[in-house]
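**Q** Predicted coordinates and the sequence they were generated for:
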Amino acid sequence: MAAGPATRIYPFMPGGSADGTKLISGAIALSDLTDKPRFGLKGRGSSAWLAAQGIALPAVNRIGEHRGMRVLRLGNEDILLLAEGADETLGEVKAAWQAATAPKGYSSWREEGWAWMRLSDPRLAEAMSALCALDLRPQKFGADDIAQTRVGHIEAVTFRSPAGFDILFDITASAYFARTVAAVAGHTDQHRGLS
Amino acid sequence: MKLLTCPMNGPRNIDEFQSFGPVRARPDPNATADREWSRHLFRAENRKGIVVEWWRHVPSNYFFLAERDLVSNEIIRTFDASELRDHA
């Protein structure tokens, strides 16, 4: 049977490649949103096509909003729609894109290629400063900013979410990333005499 | 830590970048002898001065250009490739 959305297995799921890897919880919590709906378009025509659907595109490395979806502009012609809790709206956009004729960009397969994780914690700033070299303090890095950089030594896209920071990266590095965050959390605890 | 300023993403650790070598004119295949092709493909310039190079910011897969001093290894400026095209 072909693996459709209903049968797709993600790395941390039972049977997934990272099955058994612990996602830390507690003072610093890591949660996996990889099975949440998203859709990326890339290449010539992507921006124009999305704009023609009435989706207001933010500047590069900024986040916009469209009917409950977050619109991430990763490049001039590289846009990612995150539809946590907005499955229907995303479904409409995807259906319209499938039916449209070129030029409309091409699918960047972000729902397949990227893992989507969320770090949340009261001491998040401390953990992020150990994971990422950029200055991510609120006065420097706002709610609609995107950083395309390295987080936990791997190429990643990170931005704020109400709960903390969201991180998108190569799905094949899922277990590695979970272990790196766990190591950083342990280190943070040791410094505070909590372990 | 050495920093390089990406025109799209701002100043970053140079570890985040990959160098793609100097910008060079592609020889005309109909008017280039084997000797010149060989030179183009296999020999690198080793002069002093300023070079314009292709660089890539890996996390965002963004290609841009940098002017670099070959003696001091100082990056003089970085800019989007459209700037070179607009001036061509």
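**A** Nice, thanks for sending it over.
**Q** and B:Leu70, what are its phi and psi?
**A** phi -70, psi -10 (degrees, to the nearest 10).
**Q** Find me whatever residue is spatially closest to the residue nearest the centre of chain A, sequence neighbours aside.
**A** In chain A, the C-alpha closest to the average C-alpha coordinate belongs to A:Leu168, at a distance of 3.4 Å (C-alpha atoms, centre = their mean). Once flanking residues are discounted, A:Leu168 sits nearest to A:Val157: 4.4 Å by C-beta to C-beta, 6 or more residues apart in numbering or on different chains. C-betas here are computed from N, CA, C, even on glycine.
**Q** so which helix or strand takes in that neighbour?
**A** Counting by DSSP states H and E, the element that carries A:Val157 is strand A:154-161.
**Q** what packs against that strand?
**A** strand A:69-75, strand A:146-151, strand A:164-170 (3 or more C-beta pairs under 8 Å, 6 or more residues apart in numbering or on different chains; DSSP states H and E).
**Q** In the last one, which residues are buried?
**A** Buried residues in strand A:164-170, counted by 16 or more other C-beta atoms under 10 Å in any protein chain shown: A:164-169.
**Q** what's the closest of those to chain B?
**A** Taking C-beta to the nearest C-beta as the measure, chain B lies nearest A:Phe169 of the buried residues of strand A:164-170, at 9.0 Å.
**Q** Tell me the spacing between that closest one and A:Cys132.
**A** 12 Å (C-beta to C-beta, to the nearest Å).
**Q** Now the common contact residues for these two.
**A** Counting by C-beta atoms under 8 Å, 6 or more residues apart in numbering or on different chains, the residues touching both A:Phe169 and A:Cys132 are A:Val151.
**Q** Tell me where chain A has strands.
**A** Secondary structure of chain A by DSSP state E: the strands cover A:29-32, A:38-42, A:63-66, A:69-75, A:78-82, A:106-107, A:114-120, A:146-151, A:154-161, A:164-170.
**Q** got CSV for the ones you listed, with mean pLDDT and distance to B:Pro22 too?
**A** Below are the strands of chain A laid out as CSV (pLDDT from 0 to 100; distance: least, C-beta to C-beta, whole Å):
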stretch, mean pLDDT, distance to B:Pro22
strand A:29-32, 94, 43
strand A:38-42, 97, 28
strand A:63-66, 97, 36
strand A:69-75, 97, 24
strand A:78-82, 98, 27
strand A:106-107, 97, 31
strand A:114-120, 96, 33
strand A:146-151, 97, 25
strand A:154-161, 96, 25
strand A:164-170, 97, 30
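**Q** As CSV, these with distance to A:Gln53 would be great.
**A** Shown next, in CSV, are the strands of chain A (distance: least, C-beta to C-beta, whole Å):
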stretch, distance to A:Gln53
strand A:29-32, 29
strand A:38-42, 11
strand A:63-66, 9
strand A:69-75, 11
strand A:78-82, 10
strand A:106-107, 15
strand A:114-120, 22
strand A:146-151, 21
strand A:154-161, 22
strand A:164-170, 22
